[in-house]
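**Q** with the sequence up front, the predicted model follows.
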Amino acid sequence: MPSRVPRAVFRTTLAVSLLFSAIQSAHAVLGGSLMTPPANAATTSRNVTPVAVMHAASAETSGASGASSSSAASSSSYTVQETTYGNGTIVREYQAANGTVFGIAWHGPQMPHLADLLGTYFPQYVAGVQAVRAVRGGGHGPVAVEQSGLVVHSGGHMGAFAGQAWLPQALPDGVSGSDIQ
């Protein structure tokens with residue numbers, strides 16, 4: 001009698017392959033540069049200066065000129081680029097002043113293509129998911145991969161997916177993983 005596990009693995013692999021082939025590619029790379037949005041996507045960007053950095057800059061420069069305070073705060077600022085796909089999925093990329101994407105967040109009716117979003121970190125994420133599922137005894141549901149060089153939280157259900165990924169070592173001063181939303 002054939003084992004049920006290989007059959008389940010085959011069905012899961014097939015379902016994931018079909019799902020990924022139907023999903024639009026984002027072409028963003030965690031640890032790289034901002035994505036080039038697909039033709040049917042709308043993109044907006046905004047600059048952010050972390051509150052903790054602004055307070056630290058103000059404390060360090062109290063009594064000094066305002067220009068000094070503003071340059072200290074702006075050196076730790078980052079940009080958030082938000083892309084809304086035609087299917088309603090929203091992807092936010094968090095880019096440091098040096099141009100590197102240090103975090104990505106998504107939410108919407110379809111999962112973005114994580115291989116594109118995570119880039120060279122995707123194999124590390126897959127290994128982390130396999131390790132989490134091995135400990136849990138398989139199954140489905142939300143996944144949290146928390147390693148020293150990569151953190152990915154992903155979950156949801158058909159029609160409502162959400163997640164975040166970030167590189168702890170690349171977070172700018174005053175930014176924490178909870179800021180990636």
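**A** Ah, there it is.
**Q** what helix or strand does residue 46 sit in?
**A** strand 42-48 (DSSP states H and E).
**Q** what helices and strands are in contact with that strand?
**A** Counting contacts by 3 or more Cβ pairs under 8 Å, 6 or more residues apart in numbering; DSSP states H and E, strand 42-48 packs against strand 78-84. No exception for glycine: its C-beta is placed from N, CA and C like everyone else's.
**Q** look up how far residue 146 lies from the spatially closest residue to residue 50 that is not a sequence neighbour.
**A** Ranked by Cβ to Cβ, 6 or more residues apart in numbering and with sequence neighbours excluded, the top spatial neighbour of residue 50 is residue 174, at 3.2 Å. As judged by Cβ to Cβ, to the nearest Å, residue 174 and residue 146 stand 21 Å apart.
**Q** then residue 92?
**A** Counting by Cβ to Cβ, the gap between residue 92 and residue 146 amounts to 20 Å.
**Q** again, but for residue 49
**A** If you go by Cβ to Cβ, the gap between residue 49 and residue 146 works out to 27 Å.
**Q** between those two, which is the more surrounded one?
**A** Neighbours of residue 49 and residue 146, each counted by other Cβ atoms under 10 Å, are more numerous for residue 49; the result is 18 against 12.
**Q** what helices and strands are in contact with the strand or helix carrying residue 154?
**A** Under the assignment given by DSSP H and E, the secondary-structure element containing residue 154 is strand 151-157. On a contact count with 3+ Cβ pairs under 8 Å, 6+ apart, strand 151-157 meets strand 143-146, strand 160-166.
**Q** quick one: closest of those strands to residue 88.
**A** For the helices and strands packed on strand 151-157, distance to residue 88 was read as Cβ to Cβ. The smallest value, 10.3 Å, belongs to strand 160-166.
**Q** I'd like to know which elements the closest one is packed against.
**A** Taking 3+ Cβ pairs under 8 Å, 6+ apart as contact, the helices and strands that strand 160-166 lies on are strand 101-108, strand 151-157.
**Q** who are the packing partners of the longest one?
**A** Put plainly, it is strand 101-108. Secondary structure elements in contact with strand 101-108, counted by 3+ Cβ pairs under 8 Å, 6+ apart, are strand 90-96, helix 114-118, strand 160-166.
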